[in-house]
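J.: Fold the stuff below for me.
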Amino acid sequence: MVQHRPKRRPGQRTVWILTGPVHGPGPCPSAPFVRMMTRLEVFVFRSVSAHPLTLSVLELHAALLESVRRDYERENGRVETAGDLLQLVAFDPAFAWLSPLTRGIDALQEGEDGAVSALARLFAQEGAFRAQLLEKLQSEPDVVLTYARMQRQLLAATPPRSVAVQGQMLH
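T.: I've put the predicted structure just below:
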């Protein structure tokens, strides 16, 4: 598999995302694949995404991943490459709390039944994910903005039978 790194122009924003499991030979075939997306790639992804909620959840995931990466680098030094970040996301406990969100994104992209309701429950239920998310919402403005966009889309996409879950969403 050949990876192409997008060319960056000065001032151009890039977004790190997890795009799902890598299939095929390799040391860790079930690990998520990490890559950068330029704004143009985000636009193209938006136009082909299976569900309108997917992009906003991916943007939230990218903001959370970037926040956790900064925290990790503050304590342990710089993460040099995308491969190093991949190893951390797959195996380091500092990133483990993001795995339920990654699985939810995979389910949403695969078009699985109940994926939207499962994401709504993930954000509503008490647990390690919600505790870490609340911490990031208190300290990271980018996470607050992307969470607010995602929450609006999630509430609009949640089936009516999940109204009780909607009422429990973080406000």
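J.: All the strands of the chain, residue numbers only.
T.: Per DSSP state E, the chain carries strands over the ranges 14-21, 32-38.
J.: pLDDT averaged over the longest helix anywhere in the chain, what's the number?
T.: Using DSSP state H, we find that the single longest helix of the chain is helix 52-76. Averaged over helix 52-76, pLDDT sits at 91.
J.: One more: stretch 140-155?
T.: 92.
J.: would you put the C-alpha positions of it in PDB?
T.: Taking Å, rounded to 0.1, in the frame of the first residue of the first chain, the C-alpha atoms of stretch 140-155 are listed here in PDB:
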ATOM      1  CA  GLU A 140     -10.300  22.500  24.700                       C
ATOM      2  CA  PRO A 141     -12.200  25.200  22.700                       C
ATOM      3  CA  ASP A 142     -11.800  23.200  19.500                       C
ATOM      4  CA  VAL A 143     -13.400  20.200  21.100                       C
ATOM      5  CA  VAL A 144     -16.300  22.300  22.300                       C
ATOM      6  CA  LEU A 145     -17.000  23.700  18.900                       C
ATOM      7  CA  THR A 146     -16.800  20.300  17.100                       C
ATOM      8  CA  TYR A 147     -18.800  18.600  19.800                       C
ATOM      9  CA  ALA A 148     -21.600  21.200  19.500                       C
ATOM     10  CA  ARG A 149     -21.800  20.700  15.700                       C
ATOM     11  CA  MET A 150     -21.800  17.000  16.100                       C
ATOM     12  CA  GLN A 151     -24.400  17.100  18.800                       C
ATOM     13  CA  ARG A 152     -26.800  19.100  16.700                       C
ATOM     14  CA  GLN A 153     -26.500  16.600  13.800                       C
ATOM     15  CA  LEU A 154     -26.700  13.600  16.200                       C
ATOM     16  CA  LEU A 155     -29.900  14.900  17.800                       C
END
